[in-house]
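Enquirer: Predicted coordinates and the sequence they were generated for:
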Amino acid sequence: MGRAGMRRAMAAEWTKLWSVRSTMWTLVATVVAVVGLCALSTGTVNSSEIIGDPTSRSLIGVFLGQLIFGVLGVLVMSAEYGTGTIRATLSAMPRRPVVLSAKVLVFGAVAVAVSEILTFTAFAVGQGILSAKHAVGSSAAIAQRAHQLGLKIPHNLQFALSSGSASLGQPGVLRAVVGAGLYLAVLGLLALGLATIIRHTAGAISTFVGVVLVLPLIVQALPTSIGNAVARYLPANIGLVMFSTHGVPDRIGPAFSPWVGFALLVLYTVVTLGLACWVLVRRDA
Amino acid sequence: MIEARGLSKRFGNVVAVDDLSFDVRPGTVTGFLGPNGSGKSTTMRMIMGLDSPASGSVTVLGRRYRDLPWPLREVGGLLEAKAIHPGRSARAHLLTLARSNAIARARVDEVLELVGLTSVAGKRVGKFSLGMGQRLGIAAALLGDPGVLLFDEPVNGLDPEGIRWVRTLCKTLAGEGRTVFVSSHLMAEMALTADHLVVIGKGKLIAETSVADFVARSSRQSVKVRTPTPHQLSDAVTNAGGTVMADPDGSMTVTGLSAPEVGDLAAAMSIALHELTPVASLEDAFMELTDEAVEFRGGS
């Protein structure tokens, strides 16, 4: 006989996700924004410019993508409260942790799939444009200078110095592209958790934007000693490290290594979702 | 079967439901009657596990709602009209619910047909009228072919034909042996639909009784009479201690005497009667009983 459980709840969430037009539109908008920004950013490179990190240059659209993933994550839950559908959902599935888990799994899977397709596409498009433009990488510029000074670059490092475009085989590149996608997906889940706690679309989106975009600005305004101590914990800065190929961008000061940062981001998300589950069970629908 | 025992709910300092105990039995339509704001919707939400009671308990088929293995196949609820994502089609909404409780896809089209929404099944719910939203809500309630049905103000927003349809539907469902619990603040509607009543005011139980008993309890019972010789009957009734009021349509309303008393009186005096109807003055009975318990009263 069984009972209505996770598998059924996930099937319902899957149907729910794809039966409103906003889902598809939002995802299309994300693709346009992320890949478009990447093309813009790499397409405007001029021949005298030295590209520091061609990988993160092509992933620049992720900054915009994180906002759209945030909105989508928020809507997965807040649309239920905004429209009253939550009552129908919880009548059909009164075991509330199952409802939240199903949403997390279904939206999480879609978010990972879409964001990985997105970052790999942006990377491919961006590197295609850079290599077509024969962009000059910073390493290549160093190599040139070294040559002028009569220094020899070890043979096994020369592949990294060849040009201003990157390939997945180079150190840190695959990690940055995969990491950027995971970063987007996890932020979407963080937004889903915030929306479950806040229950209002506008409030949840504001909070999400505050955490991702405004918090770094505030931290930057703090005295350097405090800023340096705090900055590495911010989701946005964790993201910056994740989609850079060589460690830490200068402007954020000391940072965690990419995967440690990612683990921290996952921890934030798990804690937020845990809190979300607790309030979902406790509160009246 | 729904059993509420000592059910209470507070919102801040406001007591919405106060120590409510009642049973709703299968095979009959039970009306849940009370003025607006008396706690009907809150009680229904507690039955369906959406709100949790401050104290007391309520079970459906002997279990708490959240312990029902396949909730939609056991309980169908219409709680709010159009509490559905406006961007989703009627069919998609029902399909979502069907998926969650392993209900066959074909059943979705079946209930759409049943409520008369087949032609607009693919249309977005945001474009629905209140009446269509109400029908969709009823379709959702019927989706799992449940033995227990809860309808919160189901005739709100429906046209006269829709109202009659809901009335017939409730009776048919009860006739099939299901438990049907219908809330309303419209007493006249309940008189036509329900067999049994749970009456509340200010969250407290006022009466749990049959519709007939509820009406009989009222001191303001009246009888509608039509006769070709109104003056003769009027005198006879007045002499017997009743009160007569002439109605604009030529009939008269007798109070203070029961319908059998009026009939016997007329027979004894050889007065022809063309109509003799005990008026189901549920409205009066209700007003009388809830007089103390009405929370919001107009300025009249």
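Expert: Happy to help now that I have it.

Enquirer: And stretch B:63-70, end to end?
Expert: Criterion CA to CA, to the nearest Å; first-to-last residue distance in stretch B:63-70 is 12 Å.

Enquirer: Now it: buried residues?
Expert: B:65, B:68, B:70 (16 or more other CB atoms under 10 Å in any protein chain shown). All C-beta atoms are positioned from the backbone trio N, CA, C, and that covers glycine.

Enquirer: confidence score at the residue nearest to the second one when sequence neighbours are not counted?
Expert: Read it as residue B:68. With sequence-adjacent residues excluded and distances taken as CB to CB, 6 or more residues apart in numbering or on different chains, residue B:68 is closest to residue B:74, at 5.0 Å. If you check residue B:74, the pLDDT there is 96.

Enquirer: isn't residue B:74 right up against residue B:145?
Expert: No: at 9.7 Å, residue B:74 and residue B:145 do not qualify as touching, with contact defined as CB atoms under 8 Å.

Enquirer: Tell me which of these two has more neighbours.
Expert: The neighbour comparison of residue B:74 against residue B:145 (other CB atoms under 10 Å in any protein chain shown) goes to residue B:74, with 18 against 15.

Enquirer: got the contact list for the closest residue to chain B within the stretch 51-200 of chain A?
Expert: Nearest residue of the stretch 51-200 of chain A to chain B (CB to the nearest CB) works out as residue A:84 at 2.8 Å. Contacts here follow CB atoms under 8 Å, 6 or more residues apart in numbering or on different chains; on that basis residue A:84 touches B:80, B:82-84.

Enquirer: can you put the residues you listed in JSON lines and add distance to residue B:198, neighbour count and secondary structure?
Expert: Output for these, formatted as JSON lines (distance: CB to CB, whole Å; neighbours: other CB atoms under 10 Å in any protein chain shown; DSSP: H, G, I helix; E, B strand; the rest coil):
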{"residue": "B:80", "distance to residue B:198": "20", "neighbour count": "18", "secondary structure": "coil"}
{"residue": "B:82", "distance to residue B:198": "26", "neighbour count": "18", "secondary structure": "coil"}
{"residue": "B:83", "distance to residue B:198": "24", "neighbour count": "18", "secondary structure": "coil"}
{"residue": "B:84", "distance to residue B:198": "28", "neighbour count": "27", "secondary structure": "coil"}
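
Enquirer: So which of those is the closest to chain A?
Expert: residue B:83 (2.8 Å).

Enquirer: for residue A:245, helix, strand, or coil?
Expert: coil (DSSP: H, G, I helix; E, B strand; the rest coil).

Enquirer: roughly how far apart are it and chain B?
Expert: According to CB to the nearest CB, to the nearest Å, residue A:245 and chain B sit 41 Å apart.

Enquirer: mind checking pLDDT for that residue?
Expert: 83.

Enquirer: What's the local residue count around the closest residue to it other than its chain neighbours?
Expert: Nearest residue to residue A:245, sequence neighbours excluded (CB to CB, 6+ apart): residue A:172, at 3.6 Å. Using other CB under 10 Å, the number of residues around residue A:172 comes to 19.

Enquirer: Where do the strands of the chain begin and end?
Expert: Defaulting to chain A. A:50-51, A:136-137 (DSSP state E).

Enquirer: Please refer instead to chain B.
Expert: So, for chain B - with DSSP E - the strands run B:2-11, B:14-24, B:29-33, B:55-60, B:75-78, B:148-152, B:179-184, B:196-201, B:204-210, B:222-226, B:243-246, B:252-255, B:275-279.

Enquirer: Strand partners (parallel or antiparallel) of the longest one?
Expert: To tie it back to what came earlier, the one meant is strand B:14-24. Neighbouring strands of strand B:14-24 in its sheet, by DSSP bridges, are strand B:2-11 (antiparallel).

Enquirer: low-scoring stretches of the chain, by residue?
Expert: As the question left the chain open, I've gone with chain A. Applying pLDDT under 70 to chain A flags residues A:1, A:136-146, A:152-163, A:247-252.

Enquirer: meant chain B, my bad for not saying
Expert: For chain B (pLDDT under 70), the answer is B:217-221, B:280-285, B:287-300.

Enquirer: what do you get if the cut-off is 50, keeping everything else the same?
Expert: Scanning chain B with the threshold set as pLDDT under 50 gives B:296-300.

Enquirer: What parts of it come near chain A?
Expert: B:45, B:48-52, B:65-66, B:68-72, B:75, B:77, B:79-80, B:82-89, B:92-93, B:95-97, B:99-102, B:140 (CB under 8 Å from any CB of the partner chain).

Enquirer: Which of those residues are buried, as a ChimeraX select command?
Expert: Selection command for ChimeraX covering only the buried members of the residues of chain B next to chain A, criterion 16+ other CB under 10 Å:
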select /B:45,48,49,50,51,65,68,70,71,72,75,77,79,80,82,83,84,85,86,87,88,89,92,93,95,96,97,99,100,101,102,140
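
Enquirer: Which residue does the stretch 151-300 of chain B have closest to chain A?
Expert: For the stretch 151-300 of chain B, CB to the nearest CB, closest residue to chain A: residue B:152, 10.7 Å.

Enquirer: Using CSV, write out every CA atom in stretch A:253-264.
Expert: What follows is stretch A:253-264, C-alpha atoms only, in CSV (Å, rounded to 0.1, in the frame of the first residue of the first chain):
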residue,chain,number,x,y,z
GLY,A,253,42.5,40.0,0.6
PRO,A,254,43.0,36.6,2.4
ALA,A,255,40.7,33.9,1.2
PHE,A,256,39.9,30.3,1.6
SER,A,257,41.0,27.9,-1.1
PRO,A,258,38.3,27.2,-3.7
TRP,A,259,37.0,23.9,-2.3
VAL,A,260,37.2,25.0,1.4
GLY,A,261,35.2,28.1,0.4
PHE,A,262,32.7,25.9,-1.4
ALA,A,263,32.3,23.6,1.6
LEU,A,264,31.6,26.7,3.7
